[in-house]
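[1] model the following, please.
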Amino acid sequence: MNLKKEGKMLGIIVMLLVSLFLLSPLASPVAKASQSGWSRSTWVYLPAVIGTNKGAVINTTIILSYPGSGEVTVTSNGTVQPSTIYSMKMAFIVAMLYSGLNYHDYNLKISINASGTISGPSGSFGVMLATYGLANGLNTTALHKFTITGAVSPSGLSGPIGGLQEKCMAASKNNLTIAFPIGNLISSGAGFCKKYAPIPGIIAGIEKIYNSTPYMINISIGNNTYFNMNMRKASLFFINRTKGILNIINRTIAYLPNQTLLKANVYELINNTKNDIYLSYKDLNETPYASASYAFTSYYDALTVNYTIWLYRISKNGTTFPTAFIIKTANKIINKAEDLESKLINYSNVDTLYGQELLSVAFSRIADTIYNAKYLESLVKGTSGISLSLAAQNLAYINARLDSALSWADAALSSASMPPYITPSLIKTTALSSSAFTETAINYADSLIEYYIKQFVSIGNVEEANQLNAMKDNLDFLLTYANSLLKKGYYTAAIGIYEDALQNSLNIIFVVIGTSYPVITNSYTKELQNEFNLISSQLASRGLESSIDGSYMSYAKQIIKKDPASALNIMEIAVIDSLIWYMGVLALNGGNTSNYVYISSNPFSIAFEILYLIIGISLGILIALTFVIRGYRKAGS
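    So this is what the prediction gives:
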């Protein structure tokens, strides 16, 4: 009896062992699909200025690992300042975005082989290119022929740096080609470079450093009837308002003091206003967004003249500064902006892409109004010597910006039922992704502001330091404000305010220089267009591209010759707006493949695996029966 039991048990064990052995090939794809993690490393030469006038090339190690949580660690043999740390974090995010990866799934470690205090953002562009190479499997030994400097912007541009002369000399000493921002091409330090490569941004950098094949993506986004209709409506609204203000100016301009320079500036603004009205009418049917932009500019210029006249009248021709009037007017505009925001929040649950984007712009304009109104208050309270003209410009801007928010809100509500439709999940993940991206940008901008404040204070320029402090406080306000809306579940409002915070941070992070030189302007224009086309094509392939950001790009091209700095800023804003929605898509779909279950799509493979499974189980049972029968025979004997 005991032998029979032993035979049965032995048979079962043998059956299981044989089945597992025969089925093991089927388990291998599942094992392969579940990644255990990896890390890739390279190093890059970053040029630096040591002390006051000595250049050096610093060997910096970059390690990208998966899986991760979006953590960036920056270490050195000394102390690393926030301006360096946050610029490196921005470099990591931008590199992963252009790689089409969710950066939250990876970690980055940066080891700077230098002692002492390390500060400034000039190493971030090199770190971005190294991270991009690691993420995409490029041969990163290509980096080792270069030493790379540049302050990365949230869109992937390479911003101006200091100490180019010392860095060029260090590169030449080490027989390296120095890659630097093309904006620095006009600086005197460029003359000390023996081998150099001026680079505008990430796409040009990849092509130059990795010697990748040049490519061109052309994307044409169809016009939207409702969007164009609303832009025409906004154009006519601002034109009519502007004409009314010009009539008031004609009656009150005599109150201005008889100051030649002041009157010359005022009449120049009046002429600009009339010219922009003409351009707005000219573009009304062909390019409605451009028409609305010209109309807005004419409205702003007319308001500036009107406020200038009022401030001079109130101040008795500038003998007393009208602090109370300016603060009272700014507070009135803030209250109106907050009232509009509370009303729009009730409509922020629209489920169309156009409705969401237009509402986001409206919330962005509201936030910009409040931000600049608070900034004006800070200037008036904290800085002696602010001119009446500057105060008038700021009052005009916040007034016009609020009216702009109203027009965008109107456009959003009239487009609320216009496809394509999107899910609440995409809106939520876009808001959450925007939060992390914006927080990094604001921390990056804040660290640069603190860096610049120390320099201003050291030379006794307290006024500039105070203005930067006011700017920092208001950037922090925008981030806190957006985060509070995010916690309440007002995702559309949060996205809009994050967009505005990002736009204002650009004024610190990326200040383009050399725009009077066509080679610089054209290079940045081409880079931004390529960046926009690349990200837009990714969105369009998912059915998520709208004509709004494309309208920004078209308008920027129209004004590039007249105002290159503003045009480049508008183009970068268009790229960043597109990146925000792209981040939302990447976060929605995730980037971690470790949880995927292996399923073959090949019918012949599936049939083979089923047959293999049947044979394996049958053989296991046959062998097990053999052992059981033997057990019975032994027991019977």
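
[2] what separation do you get for Ile161 and Val512?
    Counting by CB to CB, to the nearest Å, the gap from Ile161 to Val512 is 13 Å. C-betas here are computed from N, CA, C, even on glycine.

[3] one more: Gly51?
    For Gly51, the distance to Val512 - CB to CB - is 29 Å.

[4] got the contact list for Ile203?
    Ile203 makes contacts with 98, 156, 527, 530-531, 534, as judged by CB atoms under 8 Å, 6 or more residues apart in numbering.

[5] buried subset of the residues you listed?
    Those of the contacts of Ile203 that meet the buried threshold are 98, 156, 527, 530-531, 534, by 16 or more other CB atoms under 10 Å.

[6] settle this for me: Gly78 is touching Ser115, isn't it.
    Yes - here Gly78 lies in contact with Ser115, judged by CB atoms under 8 Å, at a distance of 4.3 Å.

[7] hang on, Pro420 packs against Ala540?
    No - contact status for Pro420 versus Ala540: not in contact, 11.0 Å apart, counting by CB under 8 Å.

[8] which non-adjacent residue is nearest Trp408?
    Nearest residue to Trp408, sequence neighbours excluded (CB to CB, 6 or more residues apart in numbering): Ala362, at 4.0 Å.

[9] contact partners for the one you found?
    Neighbours of Ala362 in contact, by CB under 8 Å, 6+ apart: 344, 405-406, 408-409, 412, 496.

[10] so it lies in a strand, does it not?
    No - read with DSSP: H, G, I helix; E, B strand; the rest coil, Ala362 is helix and lies in no strand.

[11] roughly how far apart are it and Ser407?
    In terms of CB to CB, Ala362 sits 8 Å off from Ser407.

[12] then Gly201?
    Taken as CB to CB, the span from Gly201 to Ser407 is 32 Å.

[13] neighbour-wise, which of those two wins?
    A count of neighbours by other CB atoms under 10 Å puts Gly201 above the other of Gly201 and Ser407, at 30 against 23.

[14] can you verify my assumption that the more buried one contacts Thr525?
    No - using CB under 8 Å, Gly201 makes no contact with Thr525, being 10.9 Å away.

[15] any low-confidence regions in the chain?
    1-35, 317-319, 382-385, 590-637 (pLDDT under 70).

[16] break down it into its strands, ranges please.
    With strands called from DSSP state E, the chain shows them at 38-50, 54-66, 72-76, 79-80, 107-112, 117-118, 146-148, 151-152, 158-159, 177-181, 196-199.

[17] deepest of those strands, which one?
    strand 151-152 (a mean of 30; mean count of other CB atoms under 10 Å).

[18] what's that one packed up against?
    helix 82-98, helix 124-136, strand 158-159 (3 or more CB pairs under 8 Å, 6 or more residues apart in numbering; DSSP states H and E).

[19] how about these in TSV, adding distance to Ser65?
    Compiled in TSV, the helices and strands packed on strand 151-152 are given as follows (distance: least, CB to CB, whole Å):
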stretch	distance to Ser65
helix 82-98	12
helix 124-136	10
strand 158-159	26
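
[20] nearest to Lys562, of these?
    strand 158-159 (23.0 Å; CB to CB).

[21] name the helices or strands packed onto the closest one?
    Looks like strand 158-159 contacts strand 151-152, strand 177-181 (3+ CB pairs under 8 Å, 6+ apart).

[22] CSV for those, including distance to Ile370?
    Converted to CSV, these look like this (distance: least, CB to CB, whole Å):
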stretch, distance to Ile370
strand 151-152, 28
strand 177-181, 33
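
[23] ok, which of those comes nearest Asn331?
    strand 151-152 (36.3 Å).

[24] tell me which residues are up against the closest one.
    Contacts of strand 151-152 (CB under 8 Å, 6+ apart): 87, 90-91, 94, 120-122, 124-125, 127-128, 158-161, 181, 509-510.

[25] next: stretch 438-458.
    81-83, 85-87, 89-90, 93, 119-121, 154, 462, 464-465, 468-469, 471-472, 475-476, 478-479, 482, 498, 501-502, 505, 508-509.

[26] filter the residues you listed down to the buried ones and express that as a ChimeraX selection.
    A single ChimeraX command is used to select the members of those judged buried by 16+ other CB under 10 Å:
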select :83,85,86,87,89,90,93,119,120,121,154,465,468,469,471,472,475,478,479,482,498,501,502,505,508,509
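
[27] could you chop this protein up by domain?
    Under the assignment automatic domain parsing, the domains of the chain span 2-30+603-636, 40-209.

[28] between the ones you listed, which gets nearest to Ser547?
    Across these, closest to Ser547 is domain 40-209 (CB to CB), at 19.7 Å.

[29] so what sits opposite Val49 in the bridge?
    Beta-bridge pairing for Val49 (DSSP bridges): Gly55.

[30] which non-adjacent residue is nearest Tyr481?
    Ile497 is the one closest to Tyr481 (CB to CB, 6+ apart), at 5.9 Å.
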